[in-house]
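>>> attaching a predicted model along with its sequence, questions to come.
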Amino acid sequence: MKKFQFLSLIILFSSAIKAQNSDEKKILLTSNANTFGVSTINLLDPYLSPLTYSGFGISYEHENRRFLSTEKTNISTQGKLNMEASYNLNPQSTSSMMFLGVNYSWGMHYHFRPAKGLQLLAGGLWDADFGFKEVPRNINNPVSLDLATNLNLSGVAMFDVRLRKKTFRLQLELQTPILGYMFVPLNGASYYEMFDLGNMTDAFHVSSLHNKRGVKSSFTIDVPSNRSVWRFGLNFMNVKYSANDLVFVRNELSLVVGTTFDTANFAGRKNKVPKNFISTNE
(Lines give C-alpha, C1' and ligand atoms only; values in the text may rest on other atoms or scores of the structure.)
Protein backbone atom coordinates (compact mmCIF):
# COMPACT_ATOMS: atom_id res chain seq x y z
CA MET A 1 0.00 0.00 0.00
CA LYS A 2 2.81 2.37 0.93
CA LYS A 3 4.58 1.58 -2.34
CA PHE A 4 1.39 2.37 -4.26
CA GLN A 5 1.00 5.73 -2.46
CA PHE A 6 4.65 6.57 -3.08
CA LEU A 7 4.31 5.73 -6.80
CA SER A 8 1.15 7.85 -7.05
CA LEU A 9 2.96 10.82 -5.49
CA ILE A 10 5.80 10.48 -8.02
CA ILE A 11 3.31 10.42 -10.91
CA LEU A 12 1.43 13.47 -9.62
CA PHE A 13 4.68 15.34 -9.01
CA SER A 14 5.93 14.55 -12.53
CA SER A 15 2.62 15.66 -14.04
CA ALA A 16 2.74 18.94 -12.11
CA ILE A 17 6.31 19.65 -13.31
CA LYS A 18 5.34 18.82 -16.89
CA ALA A 19 2.29 21.12 -16.74
CA GLN A 20 4.40 23.90 -15.22
CA ASN A 21 7.04 23.57 -17.96
CA SER A 22 4.27 23.65 -20.58
CA ASP A 23 2.84 26.82 -19.05
CA GLU A 24 6.27 28.45 -18.87
CA LYS A 25 7.15 27.64 -22.47
CA LYS A 26 7.50 30.86 -24.41
CA ILE A 27 5.50 31.28 -27.61
CA LEU A 28 6.66 33.78 -30.22
CA LEU A 29 3.85 36.09 -31.37
CA THR A 30 3.52 38.22 -34.50
CA SER A 31 2.05 41.69 -33.93
CA ASN A 32 -0.27 42.67 -36.78
CA ALA A 33 -2.11 45.85 -37.73
CA ASN A 34 -4.67 46.42 -40.46
CA THR A 35 -5.59 50.04 -41.17
CA PHE A 36 -7.72 51.90 -43.69
CA GLY A 37 -7.17 55.56 -44.54
CA VAL A 38 -8.46 58.59 -46.39
CA SER A 39 -5.95 61.11 -47.66
CA THR A 40 -5.31 64.37 -49.45
CA ILE A 41 -2.61 64.10 -52.10
CA ASN A 42 -0.61 66.39 -54.42
CA LEU A 43 1.17 64.90 -57.43
CA LEU A 44 3.61 66.51 -59.84
CA ASP A 45 4.56 64.32 -62.79
CA PRO A 46 6.16 66.44 -65.58
CA TYR A 47 6.20 63.42 -67.91
CA LEU A 48 2.38 63.75 -68.05
CA SER A 49 1.83 67.44 -67.24
CA PRO A 50 3.74 70.47 -65.93
CA LEU A 51 0.89 71.14 -63.47
CA THR A 52 0.41 69.79 -59.94
CA TYR A 53 -2.68 67.63 -59.54
CA SER A 54 -4.52 67.51 -56.19
CA GLY A 55 -7.22 65.21 -54.91
CA PHE A 56 -8.41 62.62 -52.42
CA GLY A 57 -7.52 58.99 -52.01
CA ILE A 58 -8.17 55.82 -50.04
CA SER A 59 -5.63 53.33 -48.74
CA TYR A 60 -5.16 49.99 -46.99
CA GLU A 61 -2.08 48.90 -45.05
CA HIS A 62 -1.07 45.65 -43.38
CA GLU A 63 1.88 45.67 -40.98
CA ASN A 64 3.49 42.83 -39.04
CA ARG A 65 6.36 42.82 -36.56
CA ARG A 66 8.04 39.81 -34.95
CA PHE A 67 11.13 39.06 -32.87
CA LEU A 68 13.75 36.79 -34.40
CA SER A 69 13.34 34.23 -31.61
CA THR A 70 12.18 33.88 -28.03
CA GLU A 71 15.79 34.36 -26.91
CA LYS A 72 16.56 37.35 -29.15
CA THR A 73 14.00 39.95 -28.08
CA ASN A 74 16.19 42.89 -29.06
CA ILE A 75 15.97 42.35 -32.85
CA SER A 76 12.68 42.26 -34.76
CA THR A 77 11.61 41.96 -38.36
CA GLN A 78 8.95 44.17 -39.91
CA GLY A 79 6.91 43.84 -43.08
CA LYS A 80 4.45 46.31 -44.61
CA LEU A 81 2.09 46.19 -47.56
CA ASN A 82 0.40 49.42 -48.62
CA MET A 83 -2.14 49.84 -51.42
CA GLU A 84 -3.85 53.10 -52.40
CA ALA A 85 -5.85 54.83 -55.08
CA SER A 86 -6.63 58.50 -55.66
CA TYR A 87 -8.49 60.77 -58.04
CA ASN A 88 -6.85 64.14 -58.72
CA LEU A 89 -7.58 67.32 -60.68
CA ASN A 90 -5.36 70.09 -62.09
CA PRO A 91 -5.69 73.64 -60.64
CA GLN A 92 -8.29 74.61 -63.25
CA SER A 93 -10.26 71.34 -62.76
CA THR A 94 -10.14 70.79 -66.52
CA SER A 95 -8.18 67.52 -66.44
CA SER A 96 -8.02 64.53 -64.12
CA MET A 97 -5.29 62.13 -63.06
CA MET A 98 -5.93 58.67 -61.67
CA PHE A 99 -3.28 57.16 -59.40
CA LEU A 100 -2.89 53.56 -58.22
CA GLY A 101 0.04 52.55 -56.04
CA VAL A 102 1.45 49.50 -54.24
CA ASN A 103 4.42 49.51 -51.87
CA TYR A 104 5.96 46.58 -50.00
CA SER A 105 8.76 46.92 -47.46
CA TRP A 106 10.68 44.52 -45.23
CA GLY A 107 13.49 45.07 -42.77
CA MET A 108 14.86 44.74 -39.26
CA HIS A 109 15.10 46.92 -36.15
CA TYR A 110 17.19 46.83 -33.00
CA HIS A 111 15.21 47.53 -29.82
CA PHE A 112 16.49 49.89 -27.13
CA ARG A 113 14.61 50.10 -23.81
CA PRO A 114 15.95 53.19 -22.00
CA ALA A 115 12.99 53.45 -19.60
CA LYS A 116 9.95 51.52 -18.46
CA GLY A 117 7.25 51.58 -21.12
CA LEU A 118 9.55 53.17 -23.72
CA GLN A 119 11.07 51.41 -26.72
CA LEU A 120 13.30 52.99 -29.37
CA LEU A 121 13.83 51.04 -32.59
CA ALA A 122 16.57 51.74 -35.14
CA GLY A 123 17.25 49.87 -38.35
CA GLY A 124 16.71 49.69 -42.07
CA LEU A 125 14.04 48.66 -44.56
CA TRP A 126 14.11 47.57 -48.17
CA ASP A 127 11.08 48.49 -50.25
CA ALA A 128 9.68 48.01 -53.75
CA ASP A 129 7.38 50.68 -55.15
CA PHE A 130 4.96 50.49 -58.07
CA GLY A 131 2.65 53.28 -59.22
CA PHE A 132 0.34 53.85 -62.17
CA LYS A 133 -0.79 57.33 -63.28
CA GLU A 134 -3.13 58.17 -66.13
CA VAL A 135 -4.16 61.50 -67.65
CA PRO A 136 -6.74 60.72 -70.39
CA ARG A 137 -6.36 64.14 -72.06
CA ASN A 138 -2.67 63.54 -72.74
CA ILE A 139 -2.94 61.85 -76.14
CA ASN A 140 0.77 61.21 -76.80
CA ASN A 141 1.76 59.92 -73.35
CA PRO A 142 -1.38 59.27 -71.28
CA VAL A 143 0.28 56.85 -68.82
CA SER A 144 3.24 57.11 -66.47
CA LEU A 145 4.72 54.32 -64.35
CA ASP A 146 6.49 54.69 -61.01
CA LEU A 147 9.01 51.87 -60.55
CA ALA A 148 11.58 52.08 -57.78
CA THR A 149 13.36 50.13 -55.07
CA ASN A 150 15.10 51.68 -52.08
CA LEU A 151 17.13 51.02 -48.97
CA ASN A 152 15.74 53.20 -46.20
CA LEU A 153 16.80 54.26 -42.74
CA SER A 154 14.02 53.61 -40.26
CA GLY A 155 13.31 54.64 -36.68
CA VAL A 156 10.39 53.93 -34.34
CA ALA A 157 9.51 55.23 -30.87
CA MET A 158 6.85 53.41 -28.82
CA PHE A 159 5.59 54.66 -25.46
CA ASP A 160 3.01 52.91 -23.28
CA VAL A 161 0.73 55.11 -21.18
CA ARG A 162 -1.31 53.63 -18.32
CA LEU A 163 -4.65 55.41 -17.94
CA ARG A 164 -7.86 54.23 -16.23
CA LYS A 165 -6.58 50.67 -15.87
CA LYS A 166 -5.87 50.49 -19.61
CA THR A 167 -2.57 50.71 -21.50
CA PHE A 168 -2.51 53.05 -24.50
CA ARG A 169 0.42 52.83 -26.91
CA LEU A 170 1.75 55.92 -28.70
CA GLN A 171 3.95 55.23 -31.72
CA LEU A 172 5.99 57.53 -33.94
CA GLU A 173 7.68 56.11 -37.04
CA LEU A 174 10.09 57.80 -39.48
CA GLN A 175 11.61 56.50 -42.71
CA THR A 176 13.85 58.10 -45.35
CA PRO A 177 15.43 56.69 -48.55
CA ILE A 178 19.23 56.44 -48.74
CA LEU A 179 20.10 54.39 -51.82
CA GLY A 180 18.02 52.89 -54.60
CA TYR A 181 17.21 52.36 -58.26
CA MET A 182 14.35 54.03 -60.16
CA PHE A 183 12.69 54.23 -63.56
CA VAL A 184 12.46 57.74 -65.08
CA PRO A 185 12.18 57.90 -68.90
CA LEU A 186 13.30 60.73 -71.13
CA ASN A 187 10.77 63.51 -71.50
CA GLY A 188 8.71 62.76 -74.61
CA ALA A 189 9.85 59.13 -74.98
CA SER A 190 6.86 56.89 -75.59
CA TYR A 191 6.20 53.64 -73.75
CA TYR A 192 5.79 51.93 -77.13
CA GLU A 193 9.34 52.94 -77.98
CA MET A 194 10.69 51.79 -74.63
CA PHE A 195 8.88 48.48 -74.06
CA ASP A 196 7.98 47.28 -77.56
CA LEU A 197 11.11 48.46 -79.35
CA GLY A 198 13.41 47.98 -76.37
CA ASN A 199 14.84 51.51 -76.38
CA MET A 200 15.59 52.04 -72.67
CA THR A 201 18.16 54.78 -73.10
CA ASP A 202 18.55 56.74 -69.83
CA ALA A 203 15.42 55.15 -68.41
CA PHE A 204 16.90 53.63 -65.20
CA HIS A 205 18.88 55.63 -62.65
CA VAL A 206 20.68 55.08 -59.38
CA SER A 207 19.02 57.18 -56.68
CA SER A 208 20.54 58.64 -53.55
CA LEU A 209 20.45 61.86 -51.58
CA HIS A 210 21.60 63.85 -54.62
CA ASN A 211 18.45 63.10 -56.66
CA LYS A 212 15.91 61.57 -54.26
CA ARG A 213 14.94 62.91 -50.87
CA GLY A 214 11.90 62.30 -48.78
CA VAL A 215 10.35 61.26 -45.50
CA LYS A 216 7.54 58.94 -44.54
CA SER A 217 6.18 59.36 -41.05
CA SER A 218 3.26 58.13 -39.00
CA PHE A 219 1.88 58.86 -35.56
CA THR A 220 -0.59 56.36 -34.13
CA ILE A 221 -2.32 55.58 -30.85
CA ASP A 222 -3.55 52.09 -29.93
CA VAL A 223 -6.73 52.17 -27.82
CA PRO A 224 -7.78 48.94 -26.07
CA SER A 225 -11.45 48.02 -25.85
CA ASN A 226 -13.25 45.02 -24.37
CA ARG A 227 -12.64 42.67 -27.31
CA SER A 228 -10.09 44.41 -29.55
CA VAL A 229 -7.42 47.09 -29.83
CA TRP A 230 -8.19 50.02 -32.13
CA ARG A 231 -5.55 52.07 -33.91
CA PHE A 232 -6.00 55.73 -34.90
CA GLY A 233 -3.36 57.86 -36.54
CA LEU A 234 -1.95 60.26 -39.09
CA ASN A 235 0.43 59.37 -41.92
CA PHE A 236 2.54 61.92 -43.79
CA MET A 237 4.64 61.51 -46.94
CA ASN A 238 6.82 63.96 -48.81
CA VAL A 239 9.00 62.59 -51.62
CA LYS A 240 10.89 64.48 -54.32
CA TYR A 241 13.10 62.88 -56.98
CA SER A 242 14.59 63.98 -60.29
CA ALA A 243 16.26 62.57 -63.40
CA ASN A 244 16.49 63.51 -67.10
CA ASP A 245 15.68 67.15 -66.17
CA LEU A 246 12.32 66.03 -64.77
CA VAL A 247 11.32 66.69 -61.14
CA PHE A 248 8.63 64.52 -59.52
CA VAL A 249 6.88 65.40 -56.25
CA ARG A 250 4.41 63.53 -54.07
CA ASN A 251 2.86 65.00 -50.91
CA GLU A 252 0.27 63.11 -48.93
CA LEU A 253 -1.52 63.40 -45.57
CA SER A 254 -3.71 60.49 -44.40
CA LEU A 255 -6.10 59.84 -41.54
CA VAL A 256 -6.10 56.12 -40.67
CA VAL A 257 -8.13 53.79 -38.47
CA GLY A 258 -7.85 50.05 -37.92
CA THR A 259 -7.18 47.25 -35.46
CA THR A 260 -4.14 45.49 -34.04
CA PHE A 261 -3.86 41.86 -32.97
CA ASP A 262 -1.29 39.16 -32.19
CA THR A 263 -1.00 35.78 -33.93
CA ALA A 264 1.09 32.66 -33.22
CA ASN A 265 2.57 30.45 -35.94
CA PHE A 266 3.13 26.73 -35.41
CA ALA A 267 5.07 24.84 -38.08
CA GLY A 268 7.50 21.94 -38.13
CA ARG A 269 8.19 19.33 -35.50
CA LYS A 270 9.81 21.67 -32.97
CA ASN A 271 6.91 24.14 -32.80
CA LYS A 272 3.96 21.97 -31.84
CA VAL A 273 0.53 23.45 -31.19
CA PRO A 274 -0.23 23.55 -27.42
CA LYS A 275 -2.93 21.20 -26.20
CA ASN A 276 -5.29 24.06 -25.32
CA PHE A 277 -5.14 25.44 -28.89
CA ILE A 278 -7.81 24.25 -31.33
CA SER A 279 -6.79 24.02 -34.98
CA THR A 280 -8.67 23.05 -38.13
CA ASN A 281 -5.61 20.96 -39.11
CA GLU A 282 -6.31 18.47 -36.33
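Thanks, I have it.

>>> quick one: Tyr192 is in a helix?
Yes - counting by DSSP: H, G, I helix; E, B strand; the rest coil, Tyr192 is found in a helix.

>>> that one: neighbouring residues, count only.
Tyr192: 10 surrounding residues under other CB atoms under 10 Å. C-beta: built from backbone N, CA, C; applies to glycine.

>>> same thing with Met83?
Met83: 14 neighbours (other CB under 10 Å).

>>> quick one: strands adjacent to the helix or strand hosting it?
Assigned by DSSP states H and E, Met83 belongs to strand 75-89. Strand 75-89 has the following sheet partners, assigned by DSSP bridges: strand 52-67 (antiparallel), strand 96-115 (antiparallel).

>>> is it possible to get a markdown table of the ones you listed that adds mean pLDDT, mean neighbour count and distance to Tyr87?
Shown next, in a markdown table, are the strands paired with strand 75-89 (pLDDT from 0 to 100; neighbours: other CB atoms under 10 Å; distance: least, CB to CB, whole Å):
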| stretch | mean pLDDT | mean neighbour count | distance to Tyr87 |
| --- | --- | --- | --- |
| strand 52-67 | 97 | 17 | 5 |
| strand 96-115 | 96 | 16 | 6 |
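
>>> can you list those in CSV and add distance to Ser279?
CSV is the format used below for the strands paired with strand 75-89 (distance: least, CB to CB, whole Å):
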stretch, distance to Ser279
strand 52-67, 20
strand 96-115, 27
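
>>> residue ranges in the stretch 51-200 of the chain under the pLDDT threshold?
139 (pLDDT under 70).

>>> quick one, which of the strands paired with strand 75-89 is nearest to Pro46?
strand 52-67 (10.0 Å; CB to CB).

>>> contact partners for Met182?
Leu147, Ala148, Thr149, Phe204, His205, Ser207, Lys212, Tyr241, Ala243 (CB atoms under 8 Å, 6 or more residues apart in numbering).

>>> excluding chain neighbours, what is closest to it?
Nearest non-adjacent residue to Met182, counting by CB to CB, 6 or more residues apart in numbering: Ala148, 4.0 Å away.

>>> the one you found in helix, strand or coil?
State at Ala148, reduced to three classes by three-state DSSP: strand.

>>> I'd say it and Tyr181 touch.
Yes - taking contacts as CB atoms under 8 Å, Ala148 lies within contact range of Tyr181: 6.9 Å.

>>> quick one: which of those two has more around it?
Applying other CB under 10 Å to Ala148 and Tyr181 shows that Ala148 carries more neighbours, namely 22 against 13.

>>> and the more buried one, what are its bridge partners?
Here Ala148, judged by DSSP bridges, has bridge partners Asp129, Met182.

>>> Asn32 too?
Beta bridges link Asn32 to Asn64, Phe261, judged by DSSP bridges.

>>> gap between the residue nearest to Met182 and Arg250?
Distance, Ala148 to Arg250, using CB to CB, to the nearest Å: 11 Å.

>>> ok, Leu186 next?
Following CB to CB, the distance that separates Leu186 from Arg250 is 21 Å.

>>> next up, the contacts around the most centrally placed residue in the chain.
Nearest residue to the geometric centre of the chain (CA atoms, centre = their mean): Lys80, 2.6 Å. Going by CB under 8 Å, 6+ apart, Lys80 touches Glu61, His62, Glu63, Asn103, Tyr104, Ser105, Trp106, Leu125.

>>> circling back to that earlier point, and the residue nearest to Met182, how far is that from Asn226?
For Ala148, the distance to Asn226 - CB to CB - is 43 Å.

>>> what of Asp262?
For Asp262, the distance to Asn226 - CB to CB - is 17 Å.

>>> equivalent analysis for Val143, please.
With CB to CB as the criterion, Val143 and Asn226 are 49 Å apart.

>>> what does Thr201 give?
To Asn226, Thr201 is 61 Å away according to CB to CB.
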